[in-house]
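> Sequence and predicted structure below; questions after.
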Amino acid sequence: MIVGEWVVVARVEEIPPGHAARVEIGEIPVAIFNVDGELHCVDDTCTHEEASLSDGDLDVDRCVIECPLHGSAFDLRTGEAITLPAVEPVRVHRIEVAGGEIRVALSE
Ligand code: FES
């Protein structure tokens, strides 16, 4: 795994506001969300069971993603699981835009 290194994952126009994308960095699937133009990146796999958070419902007003399988909500700013059944947070990864490209740096 490439922890801490910036990796280009997409172009900005590929993930418009209100949308999500799943990308893999090495073998780590991460989910990228565009919340009103602000990008967030967390682990794509729910901490409850095997579900892809990028397929969930994005709540732009609360900056929250709701898991598509059992509905746990995760705060995209902190990764915190704010509703059951998930209790463990997802990791939050650094994300930035440079030269029209979206770059992600994985957290530990
Ligand atoms: S798999 Fe996400 S809440 Fe169960």
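Yep, it's here. Here the structure is a predicted model, which means the values were calculated and not measured. Numbering: from 1, shown residues only.

> rest of the way, CA atoms for contacts and neighbours
OK.

> So which residues on this protein come close to the ligand?
Selection of the chain residues close to the ligand by Cα under 6 Å from any ligand atom yields Cys46, His48, Glu49, Glu50, Ala51, Cys67, Leu69, His70, Gly71, Ser72, Pro85, Ala86.

> how about those in a markdown table, adding distance to Asp59?
As requested, the residues of the chain next to the ligand are exported to a markdown table (distance: Cα to Cα, whole Å):
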| residue | distance to Asp59 |
| --- | --- |
| Cys46 | 16 |
| His48 | 19 |
| Glu49 | 21 |
| Glu50 | 21 |
| Ala51 | 17 |
| Cys67 | 11 |
| Leu69 | 16 |
| His70 | 16 |
| Gly71 | 12 |
| Ser72 | 12 |
| Pro85 | 18 |
| Ala86 | 17 |
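
> Relative to the ligand, how far out is the residue nearest to Ala10 when sequence neighbours are not counted?
Using Cα to Cα, 6 or more residues apart in numbering and skipping residues adjacent in sequence, the residue nearest Ala10 is Ile102, 5.3 Å away. Using Cα to the nearest ligand atom, to the nearest Å, Ile102 is found at 26 Å from the ligand.

> Ile102 and Glu14 touch, don't they?
No - counting by Cα atoms under 8 Å, Ile102 does not reach Glu14; the two are 9.5 Å apart.
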